[in-house]
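> Okay, sequence plus prediction incoming.
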Amino acid sequence: MNSTTDSSPWTLIASLRDFRGQRQLVRPVGELQVLLLRVGTEIIAMHDSCPHLGKSLLGGRLMGGHITCPFHGACFDVRSGIALSGPAVAPLRRLPLQIDGECILVDVTKGPVKSAGPP
């Protein structure tokens, strides 16, 4: 479902309809795996890679705006990316995201979204 235009850094990655009955999706953008999370009415995009050992976060427990790595138990605030418990200490790499109607678009050309501060 990836689509870009030559003049835009935004990549169509999913539709809001893809979240029916799900709160987590992984979609490829080039060689990058992007994890999309639905937290309430908000959609968040990040690299699908735990900073501890690079394992996928897909299937991790998502509760109260936090996701727990299914492999080693590191917990992160999904809005800020900050590691809340080890073994990870580095933050998650969030991606710029915009929603246009039903379309979810990400920009993988920019660096990670900066945290607004501690949760």
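Sure thing, it's come through.
> Going by C-alpha atoms from here, please, whenever you check contacts or count neighbours.
Fine.
> residues in contact with the residue nearest to residue 44 when sequence neighbours are not counted?
If the residues on either side of it in the chain are set aside, residue 44 comes closest to residue 37, at 5.1 Å by Cα to Cα, 6 or more residues apart in numbering. Residues near residue 37 by Cα atoms under 8 Å, 6 or more residues apart in numbering: 23-25, 43-45.
> Can you pick out the ones from those residues that are in strands?
The members of the contacts of residue 37 that map onto strands under DSSP state E are 24-25, 43-45.
> Kindly reformat those residues as JSON lines and extend each row with distance to residue 104, pLDDT and neighbour count.
JSON lines is the format used below for those (distance: Cα to Cα, whole Å; pLDDT from 0 to 100; neighbours: other Cα atoms under 10 Å):
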{"residue": "24", "distance to residue 104": "13", "pLDDT": "97", "neighbour count": "20"}
{"residue": "25", "distance to residue 104": "12", "pLDDT": "97", "neighbour count": "17"}
{"residue": "43", "distance to residue 104": "9", "pLDDT": "97", "neighbour count": "18"}
{"residue": "44", "distance to residue 104": "10", "pLDDT": "97", "neighbour count": "19"}
{"residue": "45", "distance to residue 104": "10", "pLDDT": "97", "neighbour count": "26"}
